[in-house]
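Engineer: Sequence and predicted model, in that order:
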Amino acid sequence: MSRPTILLTRRWPAAVEAVLAERFDATFNVDDQPMTPEAIAQALQRYDGVLPTVSDKLPATVFAGGDIRTKILGNFGVGYNHIDVAAAKSQGIVVTNTPGVLTDCTADIAMLLLLSVARRAGEGERQIRAGEWQGWCPTHMIGTKVTGKTVGIIGFGRIGKAFARRCHFGFGMDVVFYNRSPVDPAEASRYGARQLPTVEDVLGASDFVSLHCPGGAENRHLMNAERLAAMKPGAFLINTARGDVVDEAALAAALKNGVIRGAGLDVYEAEPHVPETLRTLENVVLLPHLGSATEETRTAMGMKVVDNITAFFDGKEPPDRVA
Ligand code: DGY
């Protein structure tokens, strides 16, 4: 019996590619460059399964061509707002993701950004590399103490909770959060956290605000100019969720004009483009979407995709089906 044909749009950890090559008739995008929507539309006509990543864009137009052969999109990642899931579903395509396995690493990156921006780690590193450090002095590069400060979390899912635990139990911070649906207070207190009714309540109470909600239409520009102005003066914004949750132009203006004190960003509205204003400001720490970028996590993400598509092609329900 012929094996299902699958396409990986990017190169994956070698151990995962080996399993895929064993089980499927696998094609690897040897260029390892993001595929254009047109190329993905063509791939949908050729392969039984397509395995995209956040670096691919699959808008409705990709699914409009007809003659679609693909039955499953096994997304390599937990966030799937780069896929028009409704359009995929209307073509009978199943979509899966990789929840759970990247929780800790992404929460670590949020913590890293919080500490880096509070303690001016990026500025310090740049100063030393430029050969400009004059030596220790009582007033040199003074940052903000995190212990005892309040951190506000927007989105109390797996990653929001893991981040709350780090902040409260690891760094002695007070933790408040906003979540669309109510969270049992006993459950919240396991993470040292307390739910507040609105986003505005969280913004007004927090010295640090960290975003952990999904991207896409429902949260697009949730942090706009008005909400940035509603943050406490001197507060910091951390974004490891999706770039489109923040109005980047409004953020750049808020950072430049001192509306907020600093920001730590791992995600951007039009990756890999990072606006020049952000790149030139000292009070922002910028990372290139590293949330899940550890050997262990990327391998686990790949193995989740393997489990999902194996179940699907065996006629079973994929464990991480989102549509
Ligand atoms: C995720 O899993 O959503 C990461 O951001 C990488 O796509």
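Structural biologist: Sure thing, it's come through.

Engineer: how close does the most centrally placed residue in the chain get to Tyr268?
Structural biologist: For the chain, the residue nearest the mean C-alpha position is Ala241 (3.6 Å; C-alpha atoms, centre = their mean). Distance of Ala241 to Tyr268, given as C-beta to C-beta, to the nearest Å: 11 Å. Using the backbone N, CA and C atoms, a C-beta is placed for each residue, glycine as well.

Engineer: can you pull the contacts of Ala188?
Structural biologist: By C-beta atoms under 8 Å, 6 or more residues apart in numbering, the contact set of Ala188 is Phe156, Phe177, Arg194, Gln195.

Engineer: Those residues also near the ligand: which ones?
Structural biologist: Contacts with the ligand within the contacts of Ala188, as defined by C-beta under 6 Å from any ligand atom: none are present.

Engineer: now these: which count as buried?
Structural biologist: The neighbour count (16 or more other C-beta atoms under 10 Å) marks Phe156, Phe177, Gln195 as buried among the contacts of Ala188.

Engineer: how about the nearest residue to the first one, chain neighbours excluded?
Structural biologist: Counting by C-beta to C-beta, 6 or more residues apart in numbering, Asn179 is the residue found nearest to Phe156 once chain neighbours are left out, at 4.0 Å.

Engineer: neighbours around Arg158, how many?
Structural biologist: By other C-beta atoms under 10 Å, 18 other residues sit near Arg158.

Engineer: Please name the residues that touch Asn219.
Structural biologist: Cys213, Ala241, Arg242, Asp244, Val245.

Engineer: The same query, at a cut-off of 6 Å, please.
Structural biologist: With contact taken as C-beta atoms under 6 Å, 6 or more residues apart in numbering, Asn219 is in contact with Cys213, Val245.

Engineer: Now for Pro197, how many residues are close by?
Structural biologist: By the criterion of other C-beta under 10 Å, Pro197 has 9 neighbours.

Engineer: does it count as helix, strand or coil?
Structural biologist: Secondary structure, DSSP: H, G, I helix; E, B strand; the rest coil: Pro197 is coil.

Engineer: Just the pLDDT for it.
Structural biologist: Here the pLDDT value assigned to Pro197 is 98.

Engineer: From the ligand, how far out is it?
Structural biologist: To the ligand, Pro197 is 28 Å away according to C-beta to the nearest ligand atom, to the nearest Å.

Engineer: can you check Gly122 too?
Structural biologist: Following C-beta to the nearest ligand atom, the distance that separates Gly122 from the ligand is 21 Å.

Engineer: For that residue, which non-adjacent residue is spatially closest?
Structural biologist: That would be Val285: by C-beta to C-beta, 6+ apart, it lies 4.5 Å from Gly122.

Engineer: For the one you found, give me its contacts.
Structural biologist: Leu113, Ser116, Val117, Gly122, Gly264.

Engineer: and it, helix, strand or coil?
Structural biologist: Reduced to three states by three-state DSSP, Val285 is strand.

Engineer: What about the contacts of Val285, which are in strands?
Structural biologist: The members of these that map onto strands under DSSP state E are Gly264.

Engineer: Brilliant, that's me finished.
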